[in-house]
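1. Turn this into a model:
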Amino acid sequence: METRTSSLSRRGVLAASVGALLAAGCTNGEQQDAGDDPDEGDTADELSGKLGANFNEHADSVTFDELRGLSASWLRGFVPMPEVKADASRQRAVKLLIDAHDQGFGTVLSLKFPFHRQPIPRPDTQAMTAELTRVDKVLQAVLDTVDVLTIGNEPFIESRPQDIASDAMNTYYETVAAHVIAYRKRHFPSGCRTRLYMGALNRLGQPDERTRATARWLSFTRRTPEIEGVDIHPHVAAPEKVQPFLDYILPRLRKDQKFLVTEFSLIHLWKKHLKDTIPAEFARRYDFPPDTPVWKVISEAIDRPVPEEQWHDFLAMSPWFETNKHFLRDQMRRFRDTGRLAVATYGVTQSEAMARNFGPDKQPWLLNSLYANQTAKPPHGDLPARSYGFFDDFRALQQ
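-> Numbers count the residues shown, from 1 in each chain. Below you'll find the model as predicted:
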């Protein structure tokens with residue numbers, strides 16, 4: 001990987017790039033074609049309906065052997081920007097994605113800016129300059145290496161409500177996007193393989209979450225030629241709750257733009273059933289008291305992992321899971337049928353954080369994963385136990 005250096009004046013580039021975006025043809029972006037982007041690289045044909053694996057920030061929780069066991073060819077993660085130090089290539093998520101690129105995987109990196117407990121920086125301040133300095137460090141490490149860079153992880157969750165209401169959040173991310181675009185053009189004037197997307201929208205199934213701020217987010221995406229689409233994270237309580245995300249974003253994008261789905265799940269459905277009583281058949285077969293709640297079975301499996309067959313029986317005998325075991329397959333069909341999916345990614349493993357202090361009020365993210373490494377014993381040699389339903393569907397969807 002070549003070494004890239006930056007001698008940019010942050011404030012000067014910021015002013016120039018924002019001015020260019022707002023003045024030079026960006027207000028009528030709906031007239032732009034895919035070929036209007038001078039930075040278009042050689043990955044356009046590859047970004048069509050792909051399904052990859054997602055590790056979020058848990059770079060230490062996945063191995064390349066596990067990815068190959070899934071037949072995965074794409075990998076996504078996010079970098080918490082406060083973790084970025086002098087050499088961003090050593091940050092765990094960044095390093096893993098660079099390694100994945102070197103091994104032939106397609107790669108997606110999201111930039112996470114956690115401002116849910118502090119004011120979001122304003123343009124032309126020292127705080128913004130510090131943020132853009134960290135952004136430059138990541139760009140130096142990943143541009144022309146990763147296939148997709150997503151500006152923002154979950155901005156509407158990772159920002160304070162008052163900063164969303166005041167437009168400070170939108171202004172911040174538009175400033176970062178303009179800076180990234182200017183950096184890419186300066187350092188790769190002949191073209192760059194890295195495609196740019198705006199980060200993920202959440203909760204679009206709820207009408208009160210479709211706000212002036214979400215409309216502005218998509219308006220900026222649409223009118224900025226260098227931005228190739230938007231990311232969505234449909235974490236929902238029922239499969240049919242995914243469609244409103246597509247109904248909202250697709251009419252608001254240019255026809256040449258696509259979308260990412262770097263996270264999606266039925267987490268809110270799983271959470272609703274944690275206090276249910278386990279199925280009577282499962283209780284009899286595996287000698288559980290008949291009034292045992294679902295969360296208790298999961299907690300005990302974390303403490304003492306069970307055989308893969310028992311873990312699968314637990315989920316197969318639970319109607320709330322059995323009727324949704326093909327959620328991954330069905331949603332990929334929904335996304336691909338639009339003809340505008342670039343890449344979707346799905347959680348690989350059950351991380352330690354998912355399993356820690358598990359109880360009735362814990363978010364059961366570990367029920368989404370492709371491997372059941374925290375709750376079941378490994379029966380497949382060096383690879384972890386497989387999830388029920390999702391593992392087989394994920395592999396089938398690669399073909």
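2. Figure out the helix or strand that the residue nearest to Ile151 when sequence neighbours are not counted lives in.
-> Nearest residue to Ile151, sequence neighbours excluded (CB to CB, 6 or more residues apart in numbering): Ala177, at 5.0 Å. In this view, the C-beta of every residue, glycine as well, is placed from N, C-alpha and C. Using DSSP states H and E, Ala177 maps to helix 168-187.
3. Which element is encountered next along the chain beyond that helix?
-> strand 195-202.
4. Export that following strand to CSV, keeping only CA atoms.
-> Output of strand 195-202 as CSV, limited to C-alpha atoms (Å, rounded to 0.1, in the frame of the first residue of the first chain):
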residue,chain,number,x,y,z
ARG,A,195,-16.9,5.3,-3.6
LEU,A,196,-18.6,7.8,-1.2
TYR,A,197,-21.9,7.3,0.5
MET,A,198,-23.7,9.2,3.3
GLY,A,199,-24.2,7.4,6.5
ALA,A,200,-27.1,5.4,7.8
LEU,A,201,-30.6,6.5,8.4
ASN,A,202,-32.5,4.7,11.2
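5. Can you list the residue ranges for strands in the chain?
-> Using DSSP state E, the strands of the chain run over 50-56, 74-80, 106-112, 148-151, 195-202, 227-233, 258-261, 341-347.
6. The residue nearest to Ile151 is in contact with Phe220, isn't it?
-> Yes: assessed by CB atoms under 8 Å, Ala177 is found in contact with Phe220 at 7.4 Å.
7. what sits against the residue nearest to Ile151?
-> The neighbours of Ala177, taking CB atoms under 8 Å, 6 or more residues apart in numbering as the test, are 151, 196, 198, 220, 224, 227.
8. Name the nearest residue to Pro82, ignoring sequence neighbours.
-> Pro114 (6.8 Å).
9. List the buried residues in the helix holding Ala177.
-> 168-185, 187 (16 or more other CB atoms under 10 Å).
10. do the same with stretch 349-369
-> Quick answer for stretch 349-369 (16+ other CB under 10 Å): 349-351, 354-355, 358, 362, 364-369.
11. Of the residues you listed, which pair is most distant in space?
-> With CB to CB as the measure, no two of these lie farther apart than Thr349 and Lys362, at 17.0 Å.
12. Skipping its backbone neighbours, what lies nearest Lys85 in space?
-> Nearest to Lys85 is Gln91, by CB to CB, 6+ apart, at 7.3 Å.
13. my guess is the one you found contacts Phe78, does it?
-> No: counting by CB under 8 Å, Gln91 stays clear of Phe78, with 10.8 Å between them.
14. now the strands of the chain in JSON lines, with mean neighbour count?
-> Below are the strands of the chain laid out as JSON lines (neighbours: other CB atoms under 10 Å):
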{"stretch": "strand 50-56", "mean neighbour count": "24"}
{"stretch": "strand 74-80", "mean neighbour count": "25"}
{"stretch": "strand 106-112", "mean neighbour count": "24"}
{"stretch": "strand 148-151", "mean neighbour count": "24"}
{"stretch": "strand 195-202", "mean neighbour count": "25"}
{"stretch": "strand 227-233", "mean neighbour count": "25"}
{"stretch": "strand 258-261", "mean neighbour count": "26"}
{"stretch": "strand 341-347", "mean neighbour count": "26"}
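15. now those strands as JSON lines including mean pLDDT and distance to His273?
-> JSON lines is the format used below for those (pLDDT from 0 to 100; distance: least, CB to CB, whole Å):
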{"stretch": "strand 50-56", "mean pLDDT": "97", "distance to His273": "23"}
{"stretch": "strand 74-80", "mean pLDDT": "98", "distance to His273": "28"}
{"stretch": "strand 106-112", "mean pLDDT": "98", "distance to His273": "29"}
{"stretch": "strand 148-151", "mean pLDDT": "98", "distance to His273": "32"}
{"stretch": "strand 195-202", "mean pLDDT": "98", "distance to His273": "22"}
{"stretch": "strand 227-233", "mean pLDDT": "98", "distance to His273": "21"}
{"stretch": "strand 258-261", "mean pLDDT": "98", "distance to His273": "24"}
{"stretch": "strand 341-347", "mean pLDDT": "98", "distance to His273": "19"}
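16. Tabulate the ones you listed (CSV), appending distance to Gln126.
-> Shown next, in CSV, are these (distance: least, CB to CB, whole Å):
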stretch, distance to Gln126
strand 50-56, 30
strand 74-80, 21
strand 106-112, 20
strand 148-151, 21
strand 195-202, 24
strand 227-233, 27
strand 258-261, 32
strand 341-347, 35
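17. out of those strands, nearest to Asp87?
-> strand 74-80 (12.9 Å).
18. Can you give the distance of that closest one from its chain's centre?
-> Remark: strand 74-80 is offset 7 Å from the chain centroid, using CA atoms, centre = their mean, to the nearest Å.
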